[in-house]
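This is the structure alone, sequence omitted:
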């Protein structure tokens, strides 16, 4: 059963994929499916003895290029649709412990180039409206494979959270004539108190209304709607800051910090969102201290209202120290 | 620092409460702050030797009746507001292990009466727009105290998820002239395949577009906007079905199933939402099997798009068996 169903209570599409229940779950290192296939060793997902970056289709996808017909009948109250789109896996390196925090900026820039390529390729497909690049890292966010990797979901419509951001940006543009994220960047540069790292092209800061204590946004300082709008030096600057933040996160508490990384770019449906789409990465680590996690519970899941137990200006001080220790 | 900040990227209010970082965390049973104060024993939060149901203000609140002035200055881009409202704790019984699943229906009905009373009392306050009754149960959803209890948040505006439901209900009413949840109840009764338990007044079912594998909604079969619209027999029927579902959840895998319980009722701001508010409880257990949890990660947190690894019609079969074993 692979299909999408619309929730009539919220108007949101949900994905159903019952074969995913059987997906590979935290295999021992020697059976990692994302490691290269070593000569004489067992075959993995990747039939190569070594590689730089590899992209392939998820073996347990929720969205596919040629989806099966839905199993359940659609009705006006309960719309149903095929799971059109794509789920891809991006393996960052052939080394089981070599992730963004361990790479140099040039190596991260090659990953950025791959992301840009996949964004262009998937976004050009008729059935794809939104290309979402993300990384889940750590058992605390439900990772089932430890090998450094990210994922790309190509959705057939603009999903709820980007849609909400676009609506807010559209309202801001109508009222002020400016991109809201451009205004946020200007304000964060002026205030300075929430900035954790920066270079000439990108800014990393704890957002003013952060959902998570150690949430960081990495944002293009000039208006760029997607990775495709960046020059090569800008891509390198983006890679540098990603690396700085990832390495700083690992110094914060002295262990690899679990996080979800979400990249927001322009939808690819009709090209009508350039002025209100501003490339940014949202990093949301679940830790609220070295020992304790922030859980999403009643207020967040049932009401959608986040509670943050820290002041963004305070966590920014700690993050800035961790990030600058890396750069130094 | 206790204040609310508006996220300019989404238009959502977020709550900040830095004193919550120090809240009591999983104390040993003999130091439970929600147990009664036994003669000769140490004082707890509740200065009574025994009790039925107790409600008191959360010692670590994110919303309070007389909030302090925000610490940060507001601006047009970054609005800030006092944390007006209330956070209450509802202790279900004076027995450390006696929760809804263990009670008889009359006892649960007394809890329902307390909820109705608090909804009326908090909702009548000028600064309160939405009264949200919920329960977090189990370490898997971040519970910090095991003693059976729930919470009530009185928000100063309608929070994001109820707002989304109201918008969808308003659009449905405009198009079809009916309450969307009334239509859902009719459809679920007719289909039957997702129903897990029912009585004359309430229906429990796995929603057609469930976010979680074992998600269950308990819904009033006739249109009722809040607990205040229920007759005494209807309140008892609601209590019965809550008890059946809670006890069935505990039989499903043979251990107390963690869950978040969220009750959605009419906003209390202006009384203009009666036709589009339909009383229901959403139970969202994080387990996708006895051993494994569903985690909210990239697609859910970054895109707002849920993936469910099960068919609601399949999990309904298992839940129905667990619920009917209880009733029998």
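Happy to help now that I have it. Computed from a prediction, not measured in an experiment: that's the story for all the values here.

make it CA atoms for all contacts and neighbour counts henceforth
Noted.

what residues are up against the nearest residue to residue A:103 once chain neighbours are set aside?
Spatially, and ignoring its direct neighbours in sequence, residue A:103 is nearest to residue A:243 (7.2 Å; C-alpha to C-alpha, 6 or more residues apart in numbering or on different chains). Residue A:243 is in contact with A:100-105, A:108, counting by C-alpha atoms under 8 Å, 6 or more residues apart in numbering or on different chains.

Just those: which are in helices?
A:105, A:108 (DSSP state H).

From residue B:125, how far out is the nearest residue to residue A:307 once chain neighbours are set aside?
Once flanking residues are discounted, residue A:307 sits nearest to residue B:15: 4.7 Å by C-alpha to C-alpha, 6+ apart. Using C-alpha to C-alpha, to the nearest Å, we find residue B:15 at a distance of 20 Å from residue B:125.

more crowded one of those two?
residue B:15 (23 against 15; other C-alpha atoms under 10 Å in any protein chain shown).

beta partners of the more buried one?
residue A:307, residue B:4 (DSSP bridges).

hang on, isn't it packed against residue A:306?
Yes - in this structure, residue B:15 is within contact of residue A:306 by C-alpha atoms under 8 Å, at 6.2 Å.

Spell out which residues are contacts of both of those two.
Joint contacts of residue B:15 and residue A:306 (C-alpha under 8 Å, 6+ apart) do not exist.

burial count for residue A:142?
Residues near residue A:142, counting by other C-alpha under 10 Å: 19.

how about it, what does it touch?
Counting by C-alpha under 8 Å, 6+ apart, residue A:142 has contacts A:136, B:293-297.

how about TSV for the residues you listed, with neighbour count and secondary structure added?
Output for the contacts of residue A:142, formatted as TSV (neighbours: other C-alpha atoms under 10 Å in any protein chain shown; DSSP: H, G, I helix; E, B strand; the rest coil):
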residue	neighbour count	secondary structure
A:136	28	strand
B:293	15	strand
B:294	18	coil
B:295	17	coil
B:296	19	coil
B:297	25	coil
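
All the helices of the stretch 201-328 of chain A, in order from the start?
A:232-252, A:303, A:312-327 (DSSP state H, counting those that start in this stretch).

and what of the stretch 51-200 of chain A?
A:105-123, A:160-176, A:180-191.

For residue A:262, which of those helices is the nearest?
Nearest to residue A:262, of all the helices of the stretch 51-200 of chain A, is helix A:160-176, at 10.5 Å by C-alpha to C-alpha.

what packs against the closest one?
Counting contacts by 3 or more C-alpha pairs under 8 Å, 6 or more residues apart in numbering or on different chains; DSSP states H and E, helix A:160-176 is packed against helix A:180-191, helix B:303.

can you tell me if the last one touches chain A.
When you say that, I think you mean helix B:303. Yes - with C-alpha under 8 Å from any C-alpha of the partner chain as the measure, helix B:303 is seen reaching chain A through residue B:303.

Contacts for that helix, please.
A:132, A:159-162, A:262.

of all these, which two lie farthest apart?
Across the contacts of helix B:303 (C-alpha to C-alpha), the longest gap, 13.6 Å, separates A:160 and A:262.

What count of nearby residues applies to the closest residue in space to residue A:284 that isn't next to it in sequence?
Take residue A:284 and drop its neighbours on the chain: the residue closest to it by C-alpha to C-alpha, 6+ apart is residue A:215, 4.6 Å away. Neighbours of residue A:215 under the rule other C-alpha under 10 Å: 25.

Likewise for residue A:30?
Neighbours of residue A:30 (other C-alpha under 10 Å): 10.

Ok, the one 4 residues further on next?
Under the neighbour criterion other C-alpha under 10 Å, residue A:34 is assigned a count of 24.

what helix or strand does it sit in?
Using DSSP states H and E, residue A:34 maps to neither a helix nor a strand.

show me what contacts it?
By C-alpha under 8 Å, 6+ apart, the contact set of residue A:34 is A:44-46, A:91, A:94, A:96, A:147.

shaky segments in the stretch 101-250 of chain A?
Applying pLDDT under 70 to the stretch 101-250 of chain A picks out no residues at all.

what residues does it put near chain B?
Taking C-alpha under 8 Å from any C-alpha as the contact definition, the stretch 101-250 of chain A meets chain B at A:132, A:134-136, A:141-142, A:153, A:159-162, A:164-165, A:167-169, A:180-181, A:183-184, A:208-211.

any idea which of the contacts of residue A:243 is closest to residue B:24?
Taking the contacts of residue A:243 together and measuring to residue B:24 by C-alpha to C-alpha, the closest member is residue A:101, at 34.5 Å.

what comes up buried for stretch A:106-113?
Across stretch A:106-113, burial judged by 16 or more other C-alpha atoms under 10 Å in any protein chain shown covers A:107-113.

And those, which two are furthest apart?
A:107 and A:113, at 10.0 Å, using C-alpha to C-alpha across the buried residues of stretch A:106-113.

TSV please, covering the contacts of residue A:142 and showing distance to residue A:200.
Below are these laid out as TSV (distance: C-alpha to C-alpha, whole Å):
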residue	distance to residue A:200
A:136	28
B:293	42
B:294	40
B:295	36
B:296	34
B:297	31
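
Among these, which pair sits farthest apart?
Top of the distance list for the contacts of residue A:142 (C-alpha to C-alpha): A:136 and B:293, 15.2 Å.

Residue A:211 is in contact with residue A:282, correct?
No - contact criterion C-alpha under 8 Å: residue A:282 and residue A:211 do not qualify, at 10.7 Å.

which one of the helices and strands packed on helix A:160-176 is the most hemmed in?
With neighbours defined as mean count of other C-alpha atoms under 10 Å in any protein chain shown, these peak in mean count at helix B:303, which reaches a mean of 25.

and that one, what's its mean pLDDT?
Mean pLDDT, helix B:303: 97.

Then stretch A:50-70?
pLDDT averaged over stretch A:50-70 gives 95.
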